[in-house]
Structure formats: C-alpha cells, structure tokens
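A.B. asks: this one's sequence-less:
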C-alpha cells in the first residue's frame, strides 16, 4: 500500500516531443505528489508538485495531471530539449514525514 | 543549487568498518531527512530529524543512526558496514517543521562504496 509504481522505466523522445511519465499509488492518505529530476552525480531536484485538490498544475514546460479517482498522476514535458535528459522520479507523501518514491524513469531526448 | 551541502562526496570503506556522513542544511531549514539511493533505484527514507530529535524512521536497522546539531546540520552514522550499504546517501532539508514537510531540497549526496 505504501508503493508508488512508475512507468516507463526508460523513454526516448525526439526533441520537441512530449514525454509522458506515469505513476500510480494505492494509499488514499497520500496528499502530496512531487516530481524530482536527477542528473548523473547530482541529488534530486524538485521540479513541480501537486496536491489532490487540483487536477492539473503547470510550471513552465512541466505539467502534472492528477486523477484522484484512478489514483494516478503523470508528468508531461512540453517542447522537450536535450537538456531535459535525466532520470525523473515521482513521489508521494501523507501527513507524515517521509516521501515514498517511484523507481525512476530514465529519459533521453534526441536532438 | 539548493544550499544543502554534503561531505565527503565519495568514500570507500571495508566491510565491518564505521562511517560518518555529514550534511549542512539550507539556511533557515530546521528539518533534515536522510535517504539511501541504490544504483538505478529511487531513494529510500532512512530517518528525519527535527530540532535535534529523530522525528521518524524508515525500515533501516539500528546500526544506521543520526544526529542533528543546534545549527541544524546533521550526521548519518553507519556501523558494521555491509556490502549492501554501498549506495548514494542523500540529505534533504525542509523549511519549517514536519508540517511544512515534504518540500525537500537535496544535496548532491555522498557515494559510499563498501569493499
């Protein structure tokens, strides 16, 4: 019940395309859903986060779509660039302190 | 940059040894969390410190212990190192208390190799 399932494991998209990464959860007590971007040799960096009272949130080229009834959320990257190539993690948290992380998606944007 | 600094960046130890990793949190942040990230996996929560007290713990054995100091910097100590402890250890700091939670800013991590 504490798991967050992330897919796909890896993704290759042409420059300008819209990669979509999906996550699903079971614990209905989760109320915070962030996405992190991690480059090799670096720590994860918070990209964007959503709470379940909204169905969509945009920040720049990054959009989270949230489906509370399906217990799913996804990250869309508009106008993707080679510099977006990184590993992306979804996570979730309830009223406690710890983030539960997905397994990560390695994204490659081809020039 | 997040303002969270970790030291050292890399460390090589042998099985059975002890190790101390250090984290300096972002200015104004009083909550520090530690995570273990094995190669190719997502981070796993070890524990969190809030105002010098352990505020929660993940599924890690007691040989993983920590400290938080009055300036909110923190240490992660691992005793009796095992080969499976080889991983990237990440520190994250958060503003406010655990209620302001989850908005965590990560350092670059310490890469620990146990031989």
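C.D. replies: Great, that's in hand. Since the model is a prediction, treat every value here as computed from it, not as a measurement. Numbering: from 1, shown residues only, chains lettered A, B, ... in the order given.
A.B. asks: tell me the residues of chain B that contact chain A?
C.D. replies: Contact residues, chain B versus chain A (CB under 8 Å from any CB of the partner chain): B:2, B:4, B:6, B:31, B:33, B:40-45, B:48, B:50, B:55-56, B:58, B:90, B:92, B:98, B:101-109. Backbone N, C-alpha and C define where each C-beta goes, glycine included.
A.B. asks: among those residues, which are in helices?
C.D. replies: Of the residues of chain B next to chain A, none are assigned to helices by DSSP state H.
A.B. asks: hmm, which of these are the buried ones?
C.D. replies: B:2, B:4, B:6, B:31, B:33, B:42-45, B:48, B:50, B:55, B:58, B:90, B:92, B:98, B:101-109 (16 or more other CB atoms under 10 Å in any protein chain shown).
A.B. asks: what does stretch A:77-90 contact?
C.D. replies: Residues outside stretch A:77-90 that contact it (CB atoms under 8 Å, 6 or more residues apart in numbering or on different chains): A:4, A:6, A:13, A:15-19, A:21, A:23, A:33-39, A:44, A:47, A:61-63, A:73, A:75, A:101-102, A:104-111, B:42-43.
A.B. asks: near chain B, which residues of chain A are found?
C.D. replies: Selection of chain A residues close to chain B by CB under 8 Å from any CB yields A:6, A:32, A:34, A:36, A:41-46, A:49, A:89, A:91, A:93, A:96-104.
A.B. asks: buried ones among these?
C.D. replies: Neighbour-count burial (16+ other CB under 10 Å) applied to these gives A:6, A:32, A:34, A:36, A:43-44, A:46, A:49, A:89, A:91, A:93, A:97-104.
A.B. asks: what comes up buried for stretch B:75-84?
C.D. replies: For stretch B:75-84, by 16+ other CB under 10 Å, it's B:75, B:76, B:78, B:81.
A.B. asks: for the chain, which spans come out with low pLDDT?
C.D. replies: Went with chain A since none was named. A:1-2, A:97 (pLDDT under 70).
A.B. asks: wrong one, chain B
C.D. replies: Those would be B:1, B:96-102, if you go by pLDDT under 70 across chain B.
A.B. asks: and for residue 60, the neighbour number?
C.D. replies: Assuming you mean chain A. Per other CB atoms under 10 Å in any protein chain shown, the neighbour tally for residue A:60 reads 10.
A.B. asks: nope, chain B please
C.D. replies: Neighbour count of residue B:60, defined by other CB under 10 Å: 16.
A.B. asks: the one 5 residues further on too?
C.D. replies: Neighbours of residue B:65 under the rule other CB under 10 Å: 17.
A.B. asks: just read off the phi/psi values of the nearest residue to residue A:110 once chain neighbours are set aside.
C.D. replies: Nearest residue to residue A:110, sequence neighbours excluded (CB to CB, 6 or more residues apart in numbering or on different chains): residue A:14, at 5.3 Å. Residue A:14 has phi and psi values of phi -70, psi 150 when expressed as degrees, to the nearest 10.
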